[in-house]
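Engineer: got a structure for you, letters missing:
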């Protein structure tokens, strides 16, 4: 590796990224889709299993009532602010503005807990296993570049490494026809 110029290492890194990043991004999208769907389902089941669904329902009802009261308060104070001085001093926010636990806070916490469960489960699914394999092959390809100094050896090793995922590293250009000048 000591005798390989920096530009060659950067070239190999760029080529590895060109081959692997689209495959990894595609697989990550599939995993993300499964994660989103599974998280939504598991959060609901987790809420029922933990008994949090009753708390969430109570929160939903209380927040709906709170919102009605806030709207009533706003309407009341806007109507009562008849003078110019009162209108100038009118504050749109009639609550204390402190941090309060909301229904969304509870739902978000359940979603976070569900994401942890889903992450563990996704690694067992074929999509998650394939993503892990692609990441491992990419890392192996990077190791090949850093551990070898000979271009020929790197090309052969990368070709062997990437054939497992259907990527041809060494492209035979001898059969490509030259474009005729017009």
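Structural biologist: In hand now; what should we look at? Quick caveat: nothing in here was measured; it's all calculated off a predicted structure. Numbering: from 1, shown residues only.
Engineer: and the helices in the chain, which stretches?
Structural biologist: Under the criterion DSSP state H, helices of the chain are mapped to 6-50, 52-80, 84-88, 103-122, 126-147, 151-163.
Engineer: mind listing what the residue lying closest to residue 16 once chain neighbours are set aside touches?
Structural biologist: Spatial nearest neighbour of residue 16, chain neighbours left out: residue 141 (4.9 Å); criterion: C-beta to C-beta, 6 or more residues apart in numbering. Any C-beta I mention is one placed from the backbone N, CA and C, and that applies to glycine too. For residue 141, the contacting residues are 16, 19, 20, 158, 161, 162, by C-beta atoms under 8 Å, 6 or more residues apart in numbering.
Engineer: state the pLDDT value of residue 141.
Structural biologist: pLDDT recorded at residue 141 is 90.
Engineer: distance check, it against residue 26.
Structural biologist: Distance of residue 141 to residue 26, given as C-beta to C-beta, to the nearest Å: 17 Å.
Engineer: give the residue spans of the chain that score low on pLDDT.
Structural biologist: Residue ranges of the chain with pLDDT under 70: 1-2, 70, 73-75, 77-78, 80-81, 83-103, 106, 179-182.
Engineer: centre-most residue in it?
Structural biologist: Nearest to the geometric centre of the chain sits residue 32, at 6.4 Å (C-alpha atoms, centre = their mean).
Engineer: so how far is residue 111 from residue 38?
Structural biologist: 11 Å.
Engineer: and if you look at residue 29?
Structural biologist: Distance of residue 29 to residue 111, given as C-beta to C-beta: 20 Å.
Engineer: many thanks, we can stop here.
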